[in-house]
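> Prediction below, plus the sequence it came from.
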Amino acid sequence: MDPQFTPELFPHIRIVMGMVIGLGITRLLMGLAGLVQHPSRARLSSIHLLWVGSMLLELIHFWWWQFALFHLDNWTFGVFFFLIAYTVVLFLLAALLFPDNLTEYAGYEDFFLRRRHWFFGLFATSFVLDLVDSLIKGQVHWDKFGIEYYIQVPIGVALCGLAIWTANRRVHLTLVSLHLLYQLSWIFRLFNTVS
């Protein structure tokens, strides 16, 4: 690609990514609004609500950290396709938290635990996609994470495997709580400013 077009290409790609991420954010916010509008429609769950908060934070954080792509000089259709695929996985995670209909389930927790294979399969995929995303952004971006990144990703994938394997409520509550705390720590330690 002609380097003179690189600055104009990034906003175009960011708009497409933003549309998909925006759909995920919309899905979560509409789901939360539905809980306020019809609080007795389905039984609420702390596990579900914590994952909703975590995914909302994840989508907002994704939009924030993708600004690092501005420095990318070599845009290809493969990179563009990869980024769109990554955003689709994040959208699907959001969509899985608020089903269109809960009549077959005893509430949000029952739905979440019965559909956990899909959710955590996609969540594990997002860890792998994040590795590729970091490689695309280059060595300087990768080095910013240090050894913690080499530990975080395999542990994240392994914990997704545990969450797929068990429907134990305490395990799921512990996992989402730990994830949310780590997620906040990761954001404020490494992504508080765009560089």
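Looks like it arrived, so ask away.
> how about low-confidence regions in this structure?
Counting by pLDDT under 70, the chain has low-confidence residues at 1-7, 194-195.
> Which helix in the chain has the most residues?
The helix that spans the most residues within the chain, counting by DSSP state H, is helix 6-37.
> and that one, how far from the chain's centre?
Offset of helix 6-37 from its chain centre (CA atoms, centre = their mean, to the nearest Å): 12 Å.
> Give the buried residues for it.
Burial within helix 6-37, assessed by neighbour count using 16 or more other CB atoms under 10 Å, is assigned to 10, 13-14, 17, 20-21, 23-25, 27-28, 31-32, 35. For the C-beta atoms, the positions are set from N, CA and C on the backbone; glycine is no exception.
> So which residues of this protein form strands?
Assigned strands in the chain: none (criterion: DSSP state E).
> where do the helices sit along this protein?
Using DSSP H, helices in the chain cover 6-37, 46-65, 77-95, 108-114, 116-137, 139-143, 147-165, 169-190.
> Mind putting the ones you listed into JSON lines with distance to Leu102?
Below are the helices of the chain laid out as JSON lines (distance: least, CB to CB, whole Å):
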{"stretch": "helix 6-37", "distance to Leu102": "10"}
{"stretch": "helix 46-65", "distance to Leu102": "11"}
{"stretch": "helix 77-95", "distance to Leu102": "14"}
{"stretch": "helix 108-114", "distance to Leu102": "6"}
{"stretch": "helix 116-137", "distance to Leu102": "15"}
{"stretch": "helix 139-143", "distance to Leu102": "41"}
{"stretch": "helix 147-165", "distance to Leu102": "21"}
{"stretch": "helix 169-190", "distance to Leu102": "18"}
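> List just the one of the ones you listed that sits closest to Asn101.
Minimum separation from Asn101 across the helices of the chain (CB to CB) falls at helix 108-114, 9.7 Å.
> Report all helices and strands that that closest one contacts.
Under the contact criterion of 3 or more CB pairs under 8 Å, 6 or more residues apart in numbering; DSSP states H and E, helix 108-114 touches helix 46-65, helix 169-190.
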